[in-house]
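Peer 1: The following block contains a protein sequence and its predicted model.
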Amino acid sequence: MTKTKVANKPSETPLMKQYNAIKARHPQALLLFRVGDFYETFGEDAIVASKVLGIVLTKRGAGSSSEIELAGFPHHSMDTYLPKLVRAGHRVAVCDQLEDPKMTKTIVKRGVTELVTPGVSFNDQVLGYC
């Protein structure tokens, strides 16, 4: 009897597990995921964001079996980039860090703090008054 070698499924990092769980709750939205001083997008969201925003598309885990597209921008540029995504017709879920990273020894808790759609916005920057 010959044994066939079964390839191991790549293990997700705790950060990517958290991202995937939150993205599963908002599949129709581009998820802006706060990681430190940046908002990052992954996979298809990264491809879309890089095209709409004109930012660099790169890869997380480049060369590994868990490689995934990545595009991000500094958190302080949110007022520049969020309106561009919404004006391009995208629903955007903003996922922020809900605790101080210095106060935890595990992964930082994150959650969606704002869901912005082209039809509804309470942010004056998104509306772009003329």
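Peer 2: Ah, there it is.

Peer 1: Helices of the protein, residue ranges please.
Peer 2: For the chain, the helices defined by DSSP state H cover 14-25, 43-53, 78-87, 124-127.

Peer 1: what about Pro27, neighbour count?
Peer 2: By other C-beta atoms under 10 Å, the residues close to Pro27 number 8. No exception for glycine: its C-beta is placed from N, CA and C like everyone else's.

Peer 1: got the contact list for it?
Peer 2: Applying C-beta atoms under 8 Å, 6 or more residues apart in numbering to Pro27 gives no contacts.

Peer 1: Point out where the chain drops to low pLDDT.
Peer 2: The chain contains residues with pLDDT under 70 at 1-10, 62-63, 65, 120-130.

Peer 1: Show me the residue at the heart of this structure, geometrically.
Peer 2: For the chain, the residue nearest the mean C-alpha position is Thr41 (3.1 Å; C-alpha atoms, centre = their mean).

Peer 1: any idea how far Tyr81 is from the closest residue to that residue other than its chain neighbours?
Peer 2: In space, and not counting its chain neighbours, Thr41 is closest to Ala49: 4.5 Å by C-beta to C-beta, 6 or more residues apart in numbering. Remark: distance between Ala49 and Tyr81 (C-beta to C-beta, to the nearest Å) = 8 Å.

Peer 1: returning to what we had before: neighbours around the residue nearest to Thr41, how many?
Peer 2: That count, for Ala49 with other C-beta under 10 Å as the rule, works out to 30.

Peer 1: Could you measure from it over to Glu99?
Peer 2: As for Ala49, its distance to Glu99 is 25 Å (criterion: C-beta to C-beta).
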